[in-house]
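Novice: how does the following fold in three dimensions:
(chains A, B, C and D)
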Number of protein chains: 2
Amino acid sequence: MESQVPDVRKRGRPTAAERQAREAQILGIALGVFLRSGFDNSTIDELAAAAKVTKRTLYAYFGDKAGLFAAMVTDLATGVSLDAASDHGTLTALAANIVYRVHSDELVGLHRLVIAEAGRFPELALILHSRGDARHMARLAEHIRAEAGPARAALAEPLFSLLLGEAHRRRLLGLAPAPTRPEARAYAAGAIALLGLSG
Amino acid sequence: MESQVPDVRKRGRPTAAERQAREAQILGIALGVFLRSGFDNSTIDELAAAAKVTKRTLYAYFGDKAGLFAAMVTDLATGVSLDAASDHGTLTALAANIVYRVHSDELVGLHRLVIAEAGRFPELALILHSRGDARHMARLAEHIRAEAGPARAALAEPLFSLLLGEAHRRRLLGLAPAPTRPEARAYAAGAIALLGLSG
DNA sequence: TGATAATGAGACTATGCAGTGTCATTTAAG
DNA sequence: CTTAAATGACACTGCATAGTCTCATTATCA
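Specialist: Predicted structure coming up:
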C-alpha cells in the first residue's frame, strides 16, 4: 500500500520547497499508519519506514510522537474544511455531499482517532469539531436560509444530526461500510423530507 | 476514589459465591480504570492495585489484559440493557430517560473505549451496539406505536438520532459535560416536537 | 483430617519502543 | 568555495510493562 510512495530519500540539505513538500508527504503517510494502528500501536519506526524517512528526521520535524500526531490531525482538519469549498447547488446536493464525506473511511477514521485520544489531546478534539461538524452545520444553515427562509435556519443542527444518524454510529463502531454516492443521496433526501425542508 | 473499595484481600480458597462476587467487583473497578486511562494506558499492575487483587488472580480469572477488557465491556453492556427495564410512562418520559443515560459519563466513556478499540475487539462493538442503541430504538418504536400508531414506528431511528444529536458528538470528543435531568427532558421534548410526535 | 484449589507477595524475564548520540555524506546558501 | 544545515544509517540507552514463576499460606471440600 505504501509502495507507490516516491522514494525521494535523499541526503544533503533540501530547498525550502522540498522541505515543505516532504513534510506534507510525511503527514499524509502518518495518517494512513495512525488510521490502521491507532496512536499507541503505531511505532515511530513504523512511521519512519512508511514515510521513507529516518527517525531523526521525524524528530527534527515534529519534536516527538505526539507532535507528529497533532500536526497530522491539524493538517487534515484544515484540509477538510478547505475542500468543502464546493458550495453551490441545492440544499439536497449539499446534504448528500456532506453525508458522503462524513461517512467516508478517512473522516470516520479520523474521528475514531481523535475520540480515542480526546483525553490526551483535548485541543485536537476542538479543532476537529470546529473545522468539521461546526462548519458543515454553518453551511447547511446558509442554504436553509436561502431556500426555506431565515426562520428555519435553526433546523441546520437537527438536520446534521439526521445526516449522520444511526448509520454514523455504526460506522464509528466499525459495524458498517462507507455508503456509496447514491446511498448518500438517498439518505440525505430522506432526512430533508423528514424535516419538511423539501419545498 | 478507590478508597471505599472493601479490602477483602483474603487468602485461601473462596466459596463459589465469594469468587463470583469478587469477579463482579473486579469488573466494576476495571471499568473505572479503563475509563480514566484507556486500554493501552491502563497497566495490569494499576488494575490489580485498584481492585486490591494480585496480578496472578487477574490472570487466573481473565487470561490476559484483553480478556479482562472484553469481560468488562460485556458485563457492563448487559447491565445497561437490564437496568433499562423501567419501561412505563409516556414517550417523552422514556426519551428523556434515554437522553440522560446515553449522555452520562459512564456510557459516553464506554462508547469512547469501544470506538477506540473497535479494530482490536470488533465483537465488543457489536455487543455494545445491540445491547445499547438497538435496544433503545426498539423501545422507542414500541412507545411510538402505542401513542402515535404503527405507521409512525419507523420514526424511532431518526428520533434516536435526534436524541443523541450534536450534543452527543461533543460528548464523545470531550467538549461538553453531561446534561442534567432537566436539560435532558428539554432536549427530548424538543426532538419529539420536531418530528411531530407530541400529540 | 488430608488433599488441593485459590490466593498473596513479589521477584524475574522478555520485549517493545521512545528518544538520543555518533559519524559520514550530501547539498543549499552566502 | 567554504560553511553549515539537513539527512541517512543505525547503534544504544533507558524505561515501562505484559506475563510467568516460586513459595508460603489459608481455607474449602470430600
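Novice: pull the number of nearby residues for the residue in chain A that DNA strand C sits nearest to.
Specialist: Relative to DNA strand C, the nearest point of chain A is A:Gly12 (2.2 Å; CB to the nearest atom of the strand). All C-beta atoms are positioned from the backbone trio N, CA, C, and that covers glycine. The local packing of A:Gly12 (other CB atoms under 10 Å in any protein chain shown) involves 4 other residues.
Novice: who's in contact with it?
Specialist: Under the criterion of CB atoms under 8 Å, 6 or more residues apart in numbering or on different chains, A:Gly12 has no contact partners.
Novice: excluding sequence neighbours, find me the nearest residue to A:Tyr187.
Specialist: A:Val99 (5.3 Å; CB to CB, 6 or more residues apart in numbering or on different chains).
Novice: repeat for A:Arg145
Specialist: A:Ala153 (4.7 Å).
Novice: around DNA strand C, which positions in chain A sit nearby?
Specialist: Residues of chain A found near DNA strand C (CB under 7 Å from any atom of the strand) are A:10-16, A:41-45, A:55-56, A:59, A:64-66.
Novice: how does it look with 6 Å?
Specialist: Proximity of chain A to DNA strand C (CB under 6 Å from any atom of the strand) is limited to residues A:11-16, A:43-45, A:55-56, A:59, A:64-65.
Novice: compare these and tell me which is most surrounded.
Specialist: Counting neighbours by other CB under 10 Å, A:Lys65 comes out on top of these with 17 neighbours.
Novice: surely that residue meets A:Ile44?
Specialist: Yes. Counting by CB atoms under 8 Å, A:Lys65 touches A:Ile44, with 5.9 Å between them.
Novice: for chain A, which helix is longest?
Specialist: As assigned by DSSP state H, the longest helix anywhere in chain A is helix A:16-41.
Novice: so is whichever helix or strand comes after it next to chain B?
Specialist: Going down the chain from helix A:16-41, the next helix or strand is helix A:44-50, by DSSP states H and E. No. Counting by CB under 8 Å from any CB of the partner chain, chain B has no neighbours in helix A:44-50; the shortest distance is 15.2 Å.
Novice: now do the helix-or-strand element of chain A with minimal mean pLDDT: distance to the chain's middle.
Specialist: Here the helix or strand of chain A ranked lowest by mean pLDDT, DSSP states H and E is helix A:65-83, holding a mean of 85. From the chain centre to the centre of helix A:65-83 is a distance of 9 Å (CA atoms, centre = their mean, to the nearest Å).
Novice: over to stretch A:149-164?
Specialist: Worked out by CA atoms, centre = their mean, stretch A:149-164 lies 21 Å from the chain centre.
Novice: with stretch A:46-62 instead?
Specialist: The answer for stretch A:46-62 is 23 Å, by CA atoms, centre = their mean.
Novice: end to end, how far does that stretch reach?
Specialist: 16 Å (CA to CA, to the nearest Å).
Novice: tell me where chain A has helices.
Specialist: A:16-41, A:44-50, A:55-62, A:65-83, A:91-102, A:105-116, A:122-131, A:133-148, A:156-172, A:181-194.
Novice: A:Ala193 and DNA strand D: what is the separation?
Specialist: 50 Å (CB to the nearest atom of the strand, to the nearest Å).
Novice: per-residue pLDDT, that residue?
Specialist: Note on A:Ala193: pLDDT of 98.
Novice: do A:Glu18 as well
Specialist: 86.
Novice: just give me the neighbour total for it.
Specialist: 12.
Novice: repeat that for A:Ser104.
Specialist: 15.
Novice: for the nearest residue to it once chain neighbours are set aside, what are its contacts?
Specialist: Of all residues not flanking A:Ser104 in the chain, A:Ala178 sits nearest, at 5.6 Å (CB to CB, 6+ apart). Applying CB under 8 Å, 6+ apart to A:Ala178 gives the contacts A:103-105, A:108, A:171.
Novice: in contact with the residue nearest to A:Arg145, which residues are there?
Specialist: Counting by CB under 8 Å, 6+ apart, A:Ala153 touches A:141, A:144-145.
Novice: now the residue in chain A sticking out farthest from the centre: how far from chain B?
Specialist: Centroid-distance maximum for chain A: A:Gly12 at 34.1 Å, with CA atoms, centre = their mean. Distance, A:Gly12 to chain B, using CB to the nearest CB, to the nearest Å: 39 Å.
Novice: gap between the residue nearest to A:Ser198 when sequence neighbours are not counted and A:Glu46?
Specialist: Distances taken as CB to CB, 6+ apart put A:Ile192 closest to A:Ser198, at 5.7 Å, once the chain neighbours are dropped. To A:Glu46, A:Ile192 is 43 Å away according to CB to CB, to the nearest Å.
Novice: so between the two, which is more surrounded?
Specialist: Using other CB under 10 Å as the criterion, A:Ile192 and A:Glu46 rank with A:Ile192 on top: 24 against 15.
Novice: remind me which residues of chain A are low pLDDT?
Specialist: A:1-11, A:80-87, A:199 (pLDDT under 70).
Novice: any idea which residue of it lies closest to chain B?
Specialist: For chain A and chain B, the shortest gap (CB to the nearest CB) falls at A:Ala116, measuring 3.3 Å.
Novice: rewinding a little: in JSON lines: the residues of chain A next to DNA strand C, plus distance to A:Gly149.
Specialist: As requested, these are exported to JSON lines (distance: CB to CB, whole Å):
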{"residue": "A:Arg11", "distance to A:Gly149": "63"}
{"residue": "A:Gly12", "distance to A:Gly149": "62"}
{"residue": "A:Arg13", "distance to A:Gly149": "60"}
{"residue": "A:Pro14", "distance to A:Gly149": "55"}
{"residue": "A:Thr15", "distance to A:Gly149": "54"}
{"residue": "A:Ala16", "distance to A:Gly149": "51"}
{"residue": "A:Thr43", "distance to A:Gly149": "54"}
{"residue": "A:Ile44", "distance to A:Gly149": "54"}
{"residue": "A:Asp45", "distance to A:Gly149": "57"}
{"residue": "A:Lys55", "distance to A:Gly149": "58"}
{"residue": "A:Arg56", "distance to A:Gly149": "59"}
{"residue": "A:Tyr59", "distance to A:Gly149": "55"}
{"residue": "A:Asp64", "distance to A:Gly149": "51"}
{"residue": "A:Lys65", "distance to A:Gly149": "50"}
